[in-house]
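S.K.: Structure of the sequence below:
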Amino acid sequence: MRISKTNLRSYLKKDSGNFSIMTALLIPVILLSVGVAIDISKAQSDRSRLQDSLDTAVLSYAQEFLISGDEPKGKKLAENVMTENFRDSTASLNLASIVKDGDNYIASGTASKPSKSLFMDIFGKDKIDVKAKSTVIVKISSITATVVPDVSWSMRGPHIASAKDAIKTFGEEMFNLPIEHKNRLSMAIVPYSGSVNLSKTPNGAQLLGSWEYSADMSKMPIKKQYYLGTNECENNIERQLMTPMINGSSAQIKVSRKSWQNVVVSQNTETKYKDEVQNTPNGPKTVSVPYTVTTPVYGMRCAPLSEIMTPWTGCVQTEASEFNPSTVLGTNSRKPIPPTVHSTGYRHCPPSVSAMKSNITNESDYLNTANGLSIGYATGHDIGLLWGARTLEPAWSGFFNQDSRPWNDDAFPKFLVYMSDGKSIPIGYEFSDYPSRSEGSIDQNTLSICSYLKDRGVIVYGISYSQNSRDIDVVKECATEKLHFHADLASLDDVFAQIAVDIKNRGIRISR
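M.R.: Down below sits the predicted model:
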């Protein structure tokens, strides 16, 4: 049938109400579409919040596991983080067990929650299931951490006792790691007063070579020119040198020397054998029985008899040229600090129980070293930091019999914790090859070493240890930005624990 333009025009005029009818029919559809869009948008918003909360929870799980090695504790922390961040009791969290994959740990988890719909229940769907998944990869690092504590005279009494406990707490926290991280952890303790005792370092005695008081008793020839070319051993000498000390008082440095004497310097032990007849079930039988013969070894020594059997204090004299930590000292290159150099009854060289120790790889060895901290005299910040830096310096790895770990490498993070209770105290005794030491020069050397370390990616923590909330300027300036702490007797333990946790967090490499 053919419809003319006139007929069509007439039809449209008759159906002018159709638009209103169509609009009325479409409004519910439009509203329903808007409602569905709102439900979907709400579900997407819920999923975004769920994902963010899950990411934070799984990250907390991984970090706690790497810090404490305690997986249940990590899961509990993650649950608390999830609850705190998401604040929705309908959400569920499922954390998988930590998986070891080569040099990595993998922590993962899923979360879900029902997102209540506002409009879609018209179609029988009253909720939308929202899900999220998160995975964190933790790379195993080889952490090196060195503690450089001040054990000078002012640290005596409760101060050194508190420091021992705090440094042990630090070690316990540091070794509280999963086995793979723990196996790659290398620690060092470098106590210092006027100097650093090297008697426990693998090759410390080699610096002395054949000098008097060498740790190797067989290498002690007569040396009449011991200190700076003098011939003082030809006569009996007893002298006193007065040096300024803390609070305006003075410290007495007593130098006692005796004439050369032919004395017993060691004992030579030899195993020999003798024939002896012994009764056996088969009758008498001659057997060779070992026995020990001990004979004294004599040598000429320029020292008081009371000091003869103390071959080496453990400390060496320092030269100005050494204050670049990369400079490696050669064999036979140093003179020792003699045991007769002391002030107020304390040697400038810390006692052997307070000797530095590097490349500590187990907790018991670390705790035994920390427990031996004892007092010396004077405060040579620069010498303490110098030997601390050397434990981190790749060029010195052979001296300490440890692996060479590179600078500025995320796989080999390095840390140094520097603690002192006071300013530099120079000692001007004539045995030093560095006679022009002063408080200013010591501080300058110290800050130069700190800059050297920080330029090479080492994180330096500084602890000003005092009872009057006073910062130690050189310690504060040495520390990496925002990593200077003040501590007193009551808080020192907590500060060291806080630093240990921070080191582990910084030393753990995490990626998604």
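S.K.: quick check, Thr294 in a strand?
M.R.: Yes - Thr294 forms part of a strand when assessed by DSSP: H, G, I helix; E, B strand; the rest coil.
S.K.: Run through the bridge partners of it.
M.R.: Thr269 (DSSP bridges).
S.K.: low pLDDT regions in the stretch 401-512 of the chain?
M.R.: 427-436, 469, 512 (pLDDT under 70).
S.K.: Endpoints of stretch 369-377, how far apart?
M.R.: Using CA to CA, to the nearest Å, the end-to-end distance of stretch 369-377 comes out at 19 Å.
S.K.: And for stretch 178-190?
M.R.: By CA to CA, the extent of stretch 178-190 from end to end equals 26 Å.
S.K.: quick one: contacts for the most centrally placed residue in the chain?
M.R.: Centroid check for the chain by CA atoms, centre = their mean gives Ala145 as the closest residue, at 2.5 Å. If a contact means CB atoms under 8 Å, 6 or more residues apart in numbering, then Ala145 has 174, 185-188, 414-417, 503 as its contacts. The way it works is simple: take the backbone N, C-alpha and C, and place the C-beta from them, glycine included.
S.K.: And those residues, which is closest to Arg156?
M.R.: Val417 (21.2 Å; CB to CB).
S.K.: Among the contacts of Ala145, which lie within helices?
M.R.: Judged by DSSP state H, the contacts of Ala145 include 174, 503 as members of helices.
S.K.: I'd like the contacts of Ala145 as a markdown table, with neighbour count and distance to Asn368 appended.
M.R.: As requested, the contacts of Ala145 are exported to a markdown table (neighbours: other CB atoms under 10 Å; distance: CB to CB, whole Å):
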| residue | neighbour count | distance to Asn368 |
| --- | --- | --- |
| Met174 | 27 | 15 |
| Leu185 | 21 | 16 |
| Ser186 | 21 | 16 |
| Met187 | 26 | 12 |
| Ala188 | 24 | 14 |
| Lys414 | 27 | 23 |
| Phe415 | 26 | 21 |
| Leu416 | 28 | 21 |
| Val417 | 26 | 19 |
| Ile503 | 22 | 21 |
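S.K.: and which of the contacts of Ala145 is nearest Arg347?
M.R.: Out of these, the member with the shortest distance to Arg347 (by CB to CB) is Ala188, at 22.2 Å.
S.K.: now the closest one, which residues is it bridged with?
M.R.: Beta-bridge partners, per DSSP bridges, of Ala188: Thr146.
S.K.: Contact partners for it?
M.R.: Contact analysis of Ala188 by CB under 8 Å, 6+ apart lists 144-147, 356-360, 388, 391.
S.K.: Across the sheet, point out what pairs with the nearest residue to the residue nearest to the centre of the chain once chain neighbours are set aside.
M.R.: Nearest residue to Ala145, sequence neighbours excluded (CB to CB, 6 or more residues apart in numbering): Phe415, at 4.5 Å. For Phe415, the beta-bridge assignment (DSSP bridges) gives partners Ala145, Ile459.
S.K.: how much space between Phe415 and Ser112?
M.R.: For Phe415, the distance to Ser112 (CB to CB, to the nearest Å) stands at 40 Å.
S.K.: what about the nearest residue to Asn85 once chain neighbours are set aside, distance to Glu84?
M.R.: Distances taken as CB to CB, 6+ apart place Ser53 nearest to Asn85, at 4.1 Å, with adjacent residues excluded. Going from Ser53 to Glu84 by CB to CB gives 9 Å.
S.K.: of these two, who's got more company?
M.R.: Ser53 (23 against 11; other CB atoms under 10 Å).
S.K.: picking up where we left off before, are we agreed that the residue nearest to Asn85 is in a helix?
M.R.: Yes - judged by three-state DSSP, Ser53 forms part of a helix.
S.K.: who are the neighbours in contact with it?
M.R.: Counting by CB under 8 Å, 6+ apart, Ser53 touches 81-82, 85-86, 91, 111.
S.K.: at 10 Å instead, please
M.R.: When contacts are counted by CB atoms under 10 Å, 6 or more residues apart in numbering, Ser53 touches 81-88, 91, 93, 111, 132, 134.
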